[in-house]
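In: how does the following fold in three dimensions:
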Amino acid sequence: MAKTFISFLGAIEYFETRYYTAPDKSDLSPPMFYVQEAILRQQSSWGAEDQVLIFTTAEALERNYFNRYSRKGIIANDGLKSRLEALEKEGYFKNFDSVNIPNGYTEDEIWTVFKRIIDRIRPGDDVYMDITFGFRSLPMLALVLSNYAKAVKDVKVKAIYYGNYEAGRAEQEQRVKTEAQGAEKRVIEAPILDLRPFLELQEWTSAAEAFLDLGQSKPLSNLIRIENKDLADQLEQFAQSIVTNRGLALVRDIDIDSLKQQIALLQTEQVTPQLEPLLARIGAKLDTFKTGDIRNGLMAVAWCIEHQLVQQGYTLLQETLVSFVLECVFGRYDTFDHNWRTWAGAILSGIKVKNLRNKPESAADIEDLKEIENWLKDKPNLIKPYKELTGTRGKRNDINHAGFREGYATPKSLTDELSRIYNDVVLVLKRYNLDDFQ
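Out: Got it, this is the predicted structure:
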């Protein structure tokens, strides 16, 4: 994977500084005027295909790229270019270049800066960005640009560096107050921070929003997979089971309690405090689901309504009602036999056992079907919503056949009717004390 290093250079005076990344300063650099040199020396594994790009205004090019600006005068041929040439000779990298950009005083100039950076980033690159000497809006622009480049050019942003000279100066001032004479003459020691965690937080926020607002699990599971493949797979299986109408998997096969426990564990033990509220909301979204609970089918319908999965919602609601009746009457919601599910569905739609097509020949089976009929006799309000779902004029038939019929339902009516029928079912189940979901 090729690498691109992006950095910015200003026109002000820069002072000798010793840079470090380790908290104990064990990697403290020699004194140098340009933070880019310190960063590039740390990133020593640059190949022939990698590129180092320094973005400069015309003024910065003359003052600090070709030469070095000082209030005492310009020091000729002692700018950043000379340091990059030295690094090149030492074998740190093969390619470096300066790229002219405007000052960024206006919105148009900021967009020009944005475009020139994007134009120099190659598809698929690993990008390292240094914003230490960036001007004005650049720190915010860097975050936006990073996300944009990931989407448009499929890059990976590996680091966003910031040499915190002000922190080093503050430390120096404190040292002067407390140490013996001569401390003020020491070169300032400044930390190089990697702001990539802020970009990661933005990635987590976007992924969490996709899951919470749209029901899309892929972005979130991709982030979780980096640290916990099992949890990522479970989350993906759960969300995809709703999208693909895997009702039996939701009710019987997926260990949802384990999924929730792992999210809670991730929230408390493996993430930064900033991610905890996001994971708490994700965990809360799964709160109503329980392992091995037939009510998961109805929870999945509510999920579908919330996330505009209308076709899935109709199918899950119909099939969950059939399973619910089989569970209430026989204690076996996971009956796979096509005939039995068809017969149970027909009785649930109001058809008498004696009028069923292709009735079973066994007298015992006929008696079992009559048990369903008897159980439903005092529950007519459960039959009504089911009939609205089924039959040649039912909503599920309309949506599953893509509306290829006269008088097809509008998208809005399908969406509204799913919510209404679902709410009717909820009221009926509560009325007969058949369920206690919220």
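
In: gap between the residue nearest to F8 when sequence neighbours are not counted and L193?
Out: Spatial nearest neighbour of F8, excluding adjacent residues (Cβ to Cβ, 6 or more residues apart in numbering): G134 at 4.4 Å. C-beta coordinates here come from the backbone N, C-alpha and C atoms, glycine included. Distance from G134 to L193, counting by Cβ to Cβ, to the nearest Å: 14 Å.

In: of those two, who's got more company?
Out: Comparing G134 with L193 by other Cβ atoms under 10 Å, the one with more neighbours is G134, at 21 against 16.

In: so the more buried one: helix, strand or coil?
Out: coil (DSSP: H, G, I helix; E, B strand; the rest coil).

In: so it sits against I6, correct?
Out: No: using Cβ atoms under 8 Å as the test, G134 is too far from I6 to be in contact (10.1 Å).

In: could you export stretch 309-319 as PDB, CA atoms only?
Out: What follows is stretch 309-319, C-alpha atoms only, in PDB (Å, rounded to 0.1, in the frame of the first residue of the first chain):
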ATOM      1  CA  LEU A 309     -38.200  -2.000   6.000                       C
ATOM      2  CA  VAL A 310     -41.900  -2.300   4.900                       C
ATOM      3  CA  GLN A 311     -41.800  -5.500   2.900                       C
ATOM      4  CA  GLN A 312     -39.900  -7.300   5.700                       C
ATOM      5  CA  GLY A 313     -42.300  -5.900   8.200                       C
ATOM      6  CA  TYR A 314     -45.400  -7.400   6.500                       C
ATOM      7  CA  THR A 315     -43.800 -10.800   6.100                       C
ATOM      8  CA  LEU A 316     -42.500 -10.900   9.600                       C
ATOM      9  CA  LEU A 317     -45.800  -9.800  11.100                       C
ATOM     10  CA  GLN A 318     -47.800 -12.500   9.200                       C
ATOM     11  CA  GLU A 319     -45.400 -15.300  10.000                       C
END
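
In: quick one: distance of it to the chain centre.
Out: 26 Å (Cα atoms, centre = their mean, to the nearest Å).

In: name the residues that touch that stretch?
Out: 215, 242-245, 247, 297-298, 300-301, 303-305, 341, 345, 386, 389-390, 395-396, 399-400, 411, 414-415, 418, 421-422, 425 (Cβ atoms under 8 Å, 6 or more residues apart in numbering).

In: tell me which of those fall in helices.
Out: Applying DSSP state H to the contacts of stretch 309-319, the entries found in helices are 242-243, 247, 297-298, 300-301, 303-305, 341, 345, 386, 389, 395-396, 399-400, 411, 414-415, 418, 421-422, 425.

In: and those residues, which of them are buried?
Out: 242, 247, 297-298, 300-301, 303-305, 341, 345, 386, 389, 395-396, 399, 414, 418, 421-422, 425 (16 or more other Cβ atoms under 10 Å).

In: quick one: contacts of the helix or strand in which E209 is found?
Out: In this assignment (DSSP states H and E), E209 forms part of helix 196-214. The contact list for helix 196-214 (Cβ under 8 Å, 6+ apart) reads 143, 146-147, 157-160, 216-220, 222-223, 239, 272, 274-275, 278-279, 281-282, 285, 307.

In: low-scoring stretches of the protein, by residue?
Out: For the chain, residues meeting the criterion pLDDT under 70 lie at 44, 136, 179-185, 270-271, 333-335, 392, 434-438.

In: next secondary structure element downstream of the helix holding E209?
Out: Sequence order places helix 218-225 as the next helix or strand after helix 196-214, per DSSP H and E.

In: can you mark which positions in that following helix are buried?
Out: 219-221, 223-224.

In: closest to I254 out of these?
Out: S221 (14.1 Å; Cβ to Cβ).

In: doesn't N228 make contact with that closest one?
Out: No: S221 lies out of contact with N228 (Cβ under 8 Å); the separation is 9.8 Å.

In: overlap in contacts, those two.
Out: Common neighbours of S221 and N228 (Cβ under 8 Å, 6+ apart) do not exist.

In: one step back: of the contacts of helix 196-214, buried ones?
Out: For these, buried by 16+ other Cβ under 10 Å: 143, 146, 157-160, 216-217, 219-220, 223, 239, 275, 278-279, 282, 285, 307.

In: list the contacts for K379?
Out: Contacts of K379 by Cβ under 8 Å, 6+ apart are 428, 432.

In: need phi/psi at it.
Out: phi -130, psi 50 (degrees, to the nearest 10).

In: so how far is S323 from it?
Out: Counting by Cβ to Cβ - K379 and S323 are separated by 16 Å.

In: and if you look at Y165?
Out: 66 Å.

In: who has more neighbours out of the two?
Out: More neighbours surround S323 than the other of Y165 and S323, with 21 against 18 (other Cβ under 10 Å).

In: that one: which element?
Out: helix 310-330.

In: ok, now S146?
Out: For S146, the host element (DSSP H and E) is helix 138-153.

In: what's the helix or strand that that helix is followed by packed up against?
Out: The helix or strand immediately downstream of helix 138-153 is strand 156-163, counting by DSSP H and E. Using 3 or more Cβ pairs under 8 Å, 6 or more residues apart in numbering; DSSP states H and E, the elements in contact with strand 156-163 are helix 35-42, strand 126-130, helix 138-153, strand 188-194, helix 196-214.

In: just checking, Q42 touches L28?
Out: No: look at Q42 against L28 with Cβ under 8 Å: they stay out of range, at 11.7 Å.

In: mind putting the helices and strands packed on strand 156-163 in a markdown table, distance to A363 included?
Out: Below are those laid out as a markdown table (distance: least, Cβ to Cβ, whole Å):
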| stretch | distance to A363 |
| --- | --- |
| helix 35-42 | 83 |
| strand 126-130 | 73 |
| helix 138-153 | 65 |
| strand 188-194 | 76 |
| helix 196-214 | 52 |
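
In: tell me which of these sits nearest to S258.
Out: Nearest to S258, of all these, is helix 196-214, at 18.1 Å by Cβ to Cβ.

In: flag every buried residue along that closest one.
Out: Applying 16+ other Cβ under 10 Å to helix 196-214 flags 196, 199-200, 203-204, 207-208, 211-212 as buried.

In: equivalent analysis for stretch 9-21, please.
Out: 9-11, 14, 17-21.

In: next one: R341 from A280, what distance?
Out: 39 Å.

In: same question, L317
Out: L317 is 29 Å from A280, by Cβ to Cβ.

In: comparing these two, which residue is more hemmed in?
Out: L317 (26 against 14).

In: return the distance of the more buried one relative to H338.
Out: Here the criterion is Cβ to Cβ. By it, L317 lies 19 Å from H338.

In: check E90 too.
Out: 74 Å.

In: circling back: quick one: contacts of the helix holding S146?
Out: For helix 138-153, the external contacting residues (Cβ under 8 Å, 6+ apart) are 8, 104, 110, 113-114, 117-118, 121-125, 127, 129, 131, 134, 155-157, 160, 162, 198-199, 202-203.
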